[in-house]
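Peer 1: Starting from these lines, generate the structure:
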Amino acid sequence: MRVALFVPCFVDLFFPQVGVASLRLLEHLGVEVDYPQQQTCCGQPLYNAGDREQASELAERFCRIFAPYDAIVCPSGSCTSMVQHHYPSLIGDRSVSHRVFELCDFLVRELGVEQLGARLAGRAVLHVGCHGLRQLGSAESAGRLLQNVADLTLVEVPSETWCCGFGGTFAVKYPEVSTAMAQRKLEPILAAEVDYLLSTDSSCLMQLGGLLSRHQLTRPRPLHVAEVLAGCLEEP
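Peer 2: Got it, this is the predicted structure:
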């Protein structure tokens with residue numbers, strides 16, 4: 001199986017450690033991974049802004065670059081959903097759209113892996129972004145993987161399925177509403193007194209982590225699920 005790693009813009013520019021953790025996890029499991037150097041944005045910001053013409057150009061480019069691969073793995077439910085669910089409306093039904101997987105889904109549903117031997121001591125809340133939760137249904141995969149992390153207790157909170165308020169261009173167009181949604185999302189999490197805020201999307205972590213930082217709160221610590229799972233690996 002030829003597998004490519006698709007690294008979203010937010011990971012590439014702000015959270016490169018998430019891309020590294022994803023690559024190391026896949027290689028640890030015996031997957032031969034390629035990283036196509038020509039890859040760029042999937043086009044989601046343009047699509048959300050209504051610029052279908054330029055979004056279509058990026059979608060065509062994505063499909064050309066990743067066409068040779070049997071599977072494309074991405075540590076983001078948001079970008080995965082863009083390729084799976086919105087490319088068909090832009091450029092028609094392409095086979096590449098059916099070969100893109102969110103990282104946790106790929107590990108659990110494609111590789112059959114749920115136990116990696118990772119360890120993280122403390123209490124945590126899992127936030128699966130709206131695209132992963134509602135369009136991909138990947139919350140179950142992320143939950144299974146984290147339930148097998150030693151010494152980690154997952155805590156349920158009322159805001160578990162609520163949007164963090166980021167929404168890409170939404171946060172730029174409506175910053176007051178976006179911030180209010182993030183604050184509402186965080187209130188039950190802070191009340192639960194957890195040590196970690198875990199997510200499958202770096203964009204959500206940037207939104208919630210930014211609000212925590214502005215309030216000068218060091219707890220809970222935002223972490224991508226890939227970083228937690230990579231705890232099973234020795235430092236390079």
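Peer 1: what bridges to the residue nearest to Val83 when sequence neighbours are not counted?
Peer 2: Computed as Cβ to Cβ, 6 or more residues apart in numbering, the closest residue to Val83 that is not its neighbour in sequence is Val100, at 4.5 Å. For glycine as for every other residue, the C-beta is placed from the backbone atoms N, C-alpha and C. On the basis of DSSP bridges, Val100 takes part in beta bridges with Ile72.
Peer 1: isn't Val100 right next to Cys74, touching?
Peer 2: Yes. With contacts defined as Cβ atoms under 8 Å, Val100 counts as touching Cys74 at a distance of 6.4 Å.
Peer 1: Overlap of the contact sets of those two?
Peer 2: Common neighbours of Val100 and Cys74, counting by Cβ atoms under 8 Å, 6 or more residues apart in numbering, are Phe6, Thr80, Val83.
Peer 1: How much space separates the second one from Ala21?
Peer 2: In this structure, Thr80 and Ala21 are separated by 17 Å, where distance is defined by Cβ to Cβ, to the nearest Å.
Peer 1: how about the helix or strand hosting Thr179: buried residues?
Peer 2: Thr179 is part of helix 175-191 when elements are defined by DSSP states H and E. Within helix 175-191, the residues scored as buried using 16 or more other Cβ atoms under 10 Å are Ser178, Thr179, Met181, Ala182, Lys185, Leu186, Pro188, Ile189, Leu190.
Peer 1: Would it be right to say that Ala124 lies in a strand?
Peer 2: Yes. Under DSSP: H, G, I helix; E, B strand; the rest coil, Ala124 sits within a strand.
Peer 1: Excluding residues flanking it in the chain, which one is nearest it?
Peer 2: Take Ala124 and drop its neighbours on the chain: the residue closest to it by Cβ to Cβ, 6+ apart is Tyr196, 3.9 Å away.
Peer 1: Help me confirm that the one you found comes into contact with Arg221.
Peer 2: Yes. With contact defined as Cβ under 8 Å, Tyr196 counts as touching Arg221 (5.4 Å).
Peer 1: Which one of the two is surrounded by more residues?
Peer 2: Legend: neighbour count by other Cβ atoms under 10 Å for Tyr196 and Arg221, higher for Tyr196 (21 against 15).
Peer 1: next one: phi and psi at that one?
Peer 2: With angles defined as degrees, to the nearest 10, Tyr196 sits at phi -140, psi 140.
Peer 1: State the distance from it to Leu223.
Peer 2: From Tyr196 across to Leu223, the span is 6 Å (Cβ to Cβ).
Peer 1: The helix or strand following the helix holding Thr179 packs against which elements?
Peer 2: The first helix or strand that comes after helix 175-191 along the chain, using DSSP H and E, is strand 196-199. Under the contact criterion of 3 or more Cβ pairs under 8 Å, 6 or more residues apart in numbering; DSSP states H and E, strand 196-199 touches strand 119-127, helix 202-214, strand 221-224, helix 225-229.
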